[in-house]
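*Asks:* for reference, the sequence and a predicted model appear below.
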Amino acid sequence: MGFKKGDYVFVLDEDLSGVVKNVFGNTYTIETADGFLLDFRGNELIKKQEKESLKSKVFSIENLETVIVEKELAPKRKQVRIKAKEKYEPTMEVDLHINQLVKSSRGMTNYDMLTLQLETAKRQLDFAINKRIQKIVFIHGVGEGVLKLELEYLFGRYNNVKFYDADYKKYGLGATEVYIYQNALPN
């Protein structure tokens with residue numbers, strides 16, 4: 001379903017509505033009543049019909065009482081209990097050892113290897129932030145500590161993460177755990 005400039009639309013699953021101001025492929029920029037410009041995909045919007053209210057469109061098949069009764073009769077979902085130990089386990093591990101990243105490091109300088117490891121770490125951290133993964137462990141090994149130092153510099157550039165040595169029993173000294181604050185905005 002396509003929209004055109006000037007269409008008045010409602011945003012599904014949010015209490016927002018506005019006028020389509022710009023169309024770029026399947027992305028629509030709408031202007032809210034407060035004057036904010038927001039981008040949405042076409043499947044997130046519904047066009048307001050001229051003579052129908054949104055309420056009559058939503059409840060055109062069944063009346064409100066039927067919907068309420070069905071909701072009340074729906075079985076309650078059983079909450080899955082997470083053991084205290086599992087709660088603190090990282091949900092993602094990234095091994096930055098060079099032999100895990102490339103088949104052969106032959107011909108690569110130390111700078112090339114370090115750059116590849118840091119790019120991998122940044123890409124995986126950005127992935128974790130976007131997927132709302134809260135903990136990630138980067139396994140870097142002990143070595144001379146250059147990679148660990150560079151990782152700490154990289155993590156320090158994010159205002160929504162804190163980092164510390166990972167569990168010594170599991171990883172020894174060769175890993176850093178990153179905790180991502182979900183309510184902060186990524187850089």
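*Replies:* Looks like it arrived, so ask away.

*Asks:* tell me the centre residue of this structure?
*Replies:* residue 130 (2.5 Å; CA atoms, centre = their mean).

*Asks:* tell me the pLDDT of that residue.
*Replies:* Here, the pLDDT recorded for residue 130 equals 88.

*Asks:* for residue 179, list the residues it contacts.
*Replies:* 134-135, 161-164 (CB atoms under 8 Å, 6 or more residues apart in numbering). C-beta here means a position set from N, CA and C on the backbone, and glycine is covered the same way.

*Asks:* show me what the lengthiest helix in the chain is packed against.
*Replies:* In terms of residue count, the longest helix belonging to the chain (DSSP state H) is helix 110-130. In terms of contacts (3 or more CB pairs under 8 Å, 6 or more residues apart in numbering; DSSP states H and E), helix 110-130 is packed against strand 92-95, helix 98-101, strand 135-139, helix 146-156, strand 175-180.

*Asks:* I'd like these laid out as a markdown table, including distance to residue 81 and mean pLDDT.
*Replies:* Shown next, in a markdown table, are the helices and strands packed on helix 110-130 (distance: least, CB to CB, whole Å; pLDDT from 0 to 100):
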| stretch | distance to residue 81 | mean pLDDT |
| --- | --- | --- |
| strand 92-95 | 22 | 88 |
| helix 98-101 | 34 | 88 |
| strand 135-139 | 19 | 90 |
| helix 146-156 | 32 | 89 |
| strand 175-180 | 22 | 90 |
